[in-house]
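**Student:** sharing a model prediction with you, sequence too.
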Amino acid sequence: MKAFNLSSLNFLSGLIRHSLALTVTAAVFCTTSGFAEVPATPAPHIARLGKAPDWSLLEPFQETISREEFVYLLRHCYAHAPGDYDDTILIQPDRALILKQSNHPDAGWFELRFKNSNHLSATPPKFWRTPVEMPDLPANSSQPLKGIRIAVDPGHIGGKWVTWDDRHFKVGRDTLSVNEGEMTLKVAKILERDLTLLGAEVILTRPTANPVTTERIETLQDEAVNYLKQRKIVPSSGLIASTAKKMFAISSEIRSRGDLLNDSIQPDLALCLHFNASPATSRRPSFRSPNHLHLLINGCYSKGEIAEDDTRFEMVTRIVQRVYYEELNLSDEISRTMQKETRLPAFHYDGTNGMAVNDNDLVWARNLLANRVFFCPVVFFEPYCMNNREIYGRVQEGEYAGLREIDGIYRKNIYQEYADGITAGLVNYYRKVR
Ligand SMILES: [Zn+2]
């Protein structure tokens, strides 16, 4: 290793001091126990149900990205603030050093060599195609999405599973309950039909109301205990239950869809469908006045998230695959047609977990499990607040044909309107760039 700057030298000497301290502690401990003098390797610090990363998977990306571009993407979109990666990613003149295990510096650093402008570089490996890598389109084509593989991901779960992830409510008797996991599936089915007619190959990550994961709350009890212990949280029975529930409905479910998407669907882009809701103050459902729209791209990783070994690996993988540009261009275009269809104002983040990356106030960067572990451009949709009175009323209207007058405006049913906003955006985008 060469050419460390002063601050990284200070940092490294800090690490060396730290590991010496560990060794000394271990040695003192060993004199009483009589066991080997090597300090125990801590279990890696990873996200819920994540796996310790195999850093060698980044080898094919050696010399494929310049220092300027790597630093630009890291600072502009991925790290929430520059100080958030100081401890785990060191930028050298010719390489990035990425700490392999954040709680065990002895595991070493992965060295990612930057592309040298004098060198021809290899194309970074990825399964998805940018529009220029797709076959050209005849100018008058009636199928502007011809040959594009699109994964549609209906957020959450439906059916008897709907109550497991707290994205549902019901007001009074003889009403339809509002179930996000069933509403997203309705939109997904419309998209499947409409995008297919336009030439796309559409694959749903969840084609039914049922979960994709084979895990259940009962099978995740030990994992929940281990996760809490690793975070130094006392595993009370209440916490084990709530952690296992999140592990099933969120972590395990989304990771299973990620495996399906990355290993077999391998699409050119993924559309993650959700309905938003305003935070509720009580457990009793009540209506809230906000109603808005926003789209998310992956980014805005906090210091705590970057400190997770698997999350850091996934963030770096997105950077070297240059997912950002395609994700942003798609979101930018679709946000305009979505707003035209839905007539919703933009939602604004306060800067804590979402950040702006351009001047489009409908598009934000945020680190979510699905837009991190689906290794292709992901457009993540958050239109409509389900606990807004007007939206609730539109859900009660169901999937009617044609238009109906709602508050003096003739409107499509909410599911078709949602899908049409996406379809129009995709058509506009691919007509421009193919
Ligand atoms: Zn959702």
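**Tutor:** Happy to help now that I have it. Residues are numbered from 1 along each chain as shown.

**Student:** contacting residues for the nearest residue to Glu192 once chain neighbours are set aside?
**Tutor:** The shortest distance from Glu192 to any non-neighbouring residue, by C-beta to C-beta, 6 or more residues apart in numbering, is to Val202 (4.6 Å). Bear in mind the C-beta positions are built from the backbone N, C-alpha and C, glycine included. Going by C-beta atoms under 8 Å, 6 or more residues apart in numbering, Val202 touches 150-152, 191-192, 195-196.

**Student:** right, and the helix or strand after the helix or strand harbouring Val202?
**Tutor:** In this assignment (DSSP states H and E), Val202 forms part of strand 201-204. With elements assigned by DSSP H and E, the helix or strand that comes after strand 201-204 is helix 221-230.

**Student:** quick one: contacts of that next one?
**Tutor:** So helix 221-230 is contacted by 43, 45, 48-49, 234-235, 239-241, 243-244, 247 (C-beta under 8 Å, 6+ apart).

**Student:** buried set for that helix?
**Tutor:** 223-224, 227-228 (16 or more other C-beta atoms under 10 Å).

**Student:** what about the residue of the stretch 151-300 of the chain found nearest the ion, distance to Asp194?
**Tutor:** Nearest residue of the stretch 151-300 of the chain to the ion (C-beta to the ion) works out as His274 at 3.4 Å. Computed as C-beta to C-beta, to the nearest Å, the His274 to Asp194 distance reads 19 Å.

**Student:** repeat for Leu369
**Tutor:** According to C-beta to C-beta, Leu369 stands 27 Å off from Asp194.

**Student:** what's the answer for Leu99, then?
**Tutor:** 46 Å.

**Student:** the two: which is more packed in?
**Tutor:** The residue with more neighbours, out of Leu99 and Asp194, is Leu99; 22 against 18, by other C-beta atoms under 10 Å.

**Student:** could I get the full set of strands for the protein?
**Tutor:** Secondary structure of the chain (DSSP state E): strands at 89-91, 95-99, 109-113, 149-154, 168-169, 178-179, 201-204, 269-273, 293-297, 363-365, 378-383, 404-406, 409-411.

**Student:** out of those, which gets the lowest mean score?
**Tutor:** Ranked by mean pLDDT, the strands of the chain end with strand 168-169 in last place, scoring a mean of 84.

**Student:** within its sheet, name the partner strands of that one and how each one runs.
**Tutor:** strand 178-179 (antiparallel) (DSSP bridges).

**Student:** surely Ser256 and Val212 touch.
**Tutor:** Yes. Using C-beta atoms under 8 Å, Ser256 is in contact with Val212, at 4.5 Å.

**Student:** list of residues touching stretch 288-295?
**Tutor:** Taking C-beta under 8 Å, 6+ apart as the rule, stretch 288-295 contacts 276, 278, 280, 331, 334-335, 338-339, 342, 344-347, 362-364, 379-385, 387-388, 390-391.

**Student:** and stretch 164-181, what's buried?
**Tutor:** Buried residues in stretch 164-181 (16+ other C-beta under 10 Å): 164-165, 167-169, 171, 178-181.

**Student:** brain fart, stretch 265-279
**Tutor:** Buried-residue list, stretch 265-279, by 16+ other C-beta under 10 Å: 265-277.

**Student:** what residues does the chain have near the ion?
**Tutor:** With C-beta under 5 Å from the ion as the criterion, the chain meets the ion at residues 155, 274.

**Student:** so for the chain, the centremost residue is which one?
**Tutor:** Nearest to the geometric centre of the chain sits Asn371, at 2.1 Å (C-alpha atoms, centre = their mean).

**Student:** cool, thanks, signing off.
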